[in-house]
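**Q** Structural data only, the sequence is not supplied:
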Ligand code: PMP
């Protein structure tokens with residue numbers, strides 16, 4: 001059976017799921033999206049993802065043509081059409097088809113795409129052994145230019161940093177902001193543990209406020225793990241006892257070296273492992 005893809009209220013076989021070459025999502029990266037997970041028939045934190053999607057769209061003056069409740073139903077019905085209980089879901093809303101100019105007024109109707117597929121970002125051994133990272137020279141786009149809180153279809157900045165990571169033999173890369181502070185990775189948020197205190201950069205550091213990040217913060221608070229949102233520098237990373245990343249696809253994954261500096265004892269740390277276990281329990 002061919003994977004069914006939702007486009008503007010209809011389901012199409014993957015081979016026939018097509019949008020206009022005049023869509024400004026393609027021509028200009030003018031659109032917003034979400035990466036969402038379903039576990040055992042339940043979409044994880046769907047309300048939070050839908051809220052972020054509608055907020056991203058609002059910030060770009062894209063009016064999503066259906067209400068949030070209908071969007072949620074469309075996600076579930078696409079999964080049902082594909083007989084899926086576990087899925088990696090991509091919800092995209094582009095500005096829609098216009099002409100070759102920038103003018104969004106030429107795009108009368110935003111285009112909604114829902115893809116319910118699968119993704120395995122990292123192989124199981126990376127969860128056991130942890131990741132090696134580098135810090136990229138490509139900085140996060142400053143918030144005054146484009147808020148990283150908008151999850152837009154413009155990922156070139158992150159892709160350039162990811163390429164730096166890949167060329168250095170790493171699967172992810174740390175991105176700094178224009179002040180040289182730690183922001184996040186190319187598709188994941190970053191946490192460290194130092195002297196028992198869990199730390200992560202605040203939204204003002206120029207990060208996407210991850211749904212997984214927020215779930216992990218809640219788990220840490222419940223477990224009475226001391227937690228602080230604060231500015232982090234490369235020095236803080238190098239001298240951390242533990243480091244891990246969070247994201248919808250990655251969930252929680254340990255980092256064991258950054259720029260060739262071993263983190264802690266070079267193995268996934270205790271707090272990291274405890275939080276990974278707690279996070280996985282949330283998705284059961
Ligand atoms: N930062 C960036 C730049 C991202 O693209 C993502 C999502 N892939 C994240 C952080 C993690 O966010 P979430 O936990 O909501 O997936």
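**A** Good, I have the coordinates. Here the structure is a predicted model, which means the values were calculated and not measured.

**Q** So which bits of stretch 257-265 are buried?
**A** Neighbour counts over stretch 257-265 (16 or more other C-beta atoms under 10 Å) mark 257-258, 263-264 as buried. (Glycine included, C-beta is placed from N, CA and C.)

**Q** In the stretch 1-150 of the chain, what residue lies closest to the ligand?
**A** residue 35 (5.0 Å; C-beta to the nearest ligand atom).

**Q** show me where the stretch 51-200 of the chain has helices.
**A** Using DSSP state H, counting those that start in this stretch, the helices assigned to the stretch 51-200 of the chain run over residues 68-81, 124-129, 156-167.

**Q** what mean pLDDT does the longest one have?
**A** In this case it means helix 68-81. Taken as a whole, helix 68-81 has a mean pLDDT of 98.

**Q** So which bits of that helix are buried?
**A** Buried, per 16+ other C-beta under 10 Å, within helix 68-81: 71-72, 74-76, 78-79.

**Q** Excluding sequence neighbours, find me the nearest residue to the residue of the stretch 1-150 of the chain closest to the ligand.
**A** Distance criterion C-beta to C-beta, 6 or more residues apart in numbering; nearest residue to residue 35, sequence neighbours excluded, is residue 248 at 4.8 Å.

**Q** Would you confirm that the one you found contacts residue 33?
**A** No: using C-beta atoms under 8 Å as the test, residue 248 is too far from residue 33 to be in contact (11.5 Å).

**Q** how about the residues of this protein that lie near the ligand?
**A** By C-beta under 6 Å from any ligand atom, the residues of the chain that approach the ligand are 35, 158, 184, 187-189, 208, 210-213, 246-248.

**Q** Can you lay out these as TSV showing pLDDT, distance to residue 145 and neighbour count?
**A** Compiled in TSV, those are given as follows (pLDDT from 0 to 100; distance: C-beta to C-beta, whole Å; neighbours: other C-beta atoms under 10 Å):
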residue	pLDDT	distance to residue 145	neighbour count
35	98	23	17
158	97	14	21
184	98	16	28
187	97	20	21
188	97	22	26
189	98	20	24
208	97	15	23
210	98	21	24
211	98	24	24
212	98	25	22
213	98	22	23
246	98	25	26
247	98	23	24
248	97	25	22
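
**Q** beta partners for the residue of the stretch 1-150 of the chain closest to the ligand?
**A** Bridge pairing for residue 35 (DSSP bridges) gives the partners residue 90.

**Q** Report the contact partners of it.
**A** For residue 35, the contact set (C-beta atoms under 8 Å, 6 or more residues apart in numbering) comprises 88-90, 247-249.

**Q** Please report how far it lies from residue 8.
**A** From residue 35 across to residue 8, the span is 20 Å (C-beta to C-beta, to the nearest Å).

**Q** Whichever residue of the stretch 51-200 of the chain sits closest to the ligand - nearest residue in space that isn't next to it in sequence?
**A** Per C-beta to the nearest ligand atom, residue 187 is where the stretch 51-200 of the chain lies closest to the ligand, at 4.0 Å. Spatial nearest neighbour of residue 187, excluding adjacent residues (C-beta to C-beta, 6+ apart): residue 247 at 5.8 Å.
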